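Enquirer: The sequence and its predicted three-dimensional model are supplied below.
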Amino acid sequence: MSSLLFYNVCVIPLLQKGERRQTRSSQRLCLGRKSLSSAPAAGDSTVVTRLFEGQLSYQMLCLRCDGHSHSNQVFTILSLPIPLDSYRCSLQDCLSLFFQQSTLTCGDQKLCPECGVKRDTAVLTSMAKPPEILVLHLKRWGRLPTHLSPLDDHCW
């Protein structure tokens, strides 16, 4: 299914359904003589938030003292790397590469809660809360020392 067809058949009806629901609740608020603001209040969710927002979980481990920490991050798009060592790859290959354990070194080191200084850190990423609709971006461009260039790999 082409992405435009998917958007027209799947995404637009969901957005319209959410807008109708939001309009009805706005009308009820007006009838109740409550004031409305143009932006949703903190904690309120929008159609986009409900459909596209997920949460990533990061487990970080200090490679010096084994001190660990945890953080969560909200996302709407996953930017997936493309494996460089194969001519063809699948979406599963890209997802596996995204979620594999990585090591932060040099300028990317994290502050260890136990040591109190920046140390090399192992990071394991997982999806704590998947979105209803997952949007994936394939990183088709690589950074060379002087400029951006397209990657030669193909994903199927």
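Expert: Cool, the structure landed.
Enquirer: How many neighbouring residues does the residue lying closest to G67 once chain neighbours are set aside have?
Expert: If the residues on either side of it in the chain are set aside, G67 comes closest to E114, at 3.0 Å by Cβ to Cβ, 6 or more residues apart in numbering. For every residue, glycine as well, the C-beta is placed using N, CA and C. E114 has 13 neighbouring residues, counting by other Cβ atoms under 10 Å.
Enquirer: Tell me who's in contact with E114.
Expert: Contact analysis of E114 by Cβ atoms under 8 Å, 6 or more residues apart in numbering lists C62, C65, D66, G67.
Enquirer: Pretty sure the first one sits against H68.
Expert: Right, the one you point to is C62. Yes. The pair C62 / H68 is scored as a contact, 7.1 Å apart, by Cβ atoms under 8 Å.
Enquirer: out of the two, which sits in the more crowded spot?
Expert: The neighbour comparison of C62 against H68 (other Cβ under 10 Å) goes to C62, with 22 against 14.
Enquirer: Please determine how far the more buried one is located from N72.
Expert: 19 Å (Cβ to Cβ, to the nearest Å).
Enquirer: L111 now?
Expert: 17 Å.
Enquirer: More neighbours: these two, which one.
Expert: Using other Cβ under 10 Å, the more surrounded residue of L111 and N72 is L111, with 13 against 10.
Enquirer: residues in contact with that one?
Expert: V117, K118.
Enquirer: Tell me the bridge partners for it.
Expert: K118 (DSSP bridges).
Enquirer: So for L104, what's the nearest residue that isn't a sequence neighbour?
Expert: T121 (4.5 Å).
Enquirer: Run a quick neighbour tally on the one you found.
Expert: 23.
Enquirer: Repeat that for K110.
Expert: Neighbours around K110, by other Cβ under 10 Å: 18.
Enquirer: what do you get for G54?
Expert: By other Cβ under 10 Å, the burial measure for G54, its neighbour count, is 19.
Enquirer: Give the closest residue to it in space, chain neighbours not counted.
Expert: Nearest non-adjacent residue to G54 (Cβ to Cβ, 6+ apart): P131, at 3.8 Å.
Enquirer: Ok, Q101 next?
Expert: Nearest to Q101 is L124, by Cβ to Cβ, 6+ apart, at 5.0 Å.
Enquirer: The one helix or strand that neighbour maps to pairs with which strands, parallel or anti?
Expert: Assigned by DSSP states H and E, L124 belongs to strand 121-129. Using DSSP bridges, the strands paired with strand 121-129 are strand 54-62 (antiparallel), strand 102-104 (antiparallel).
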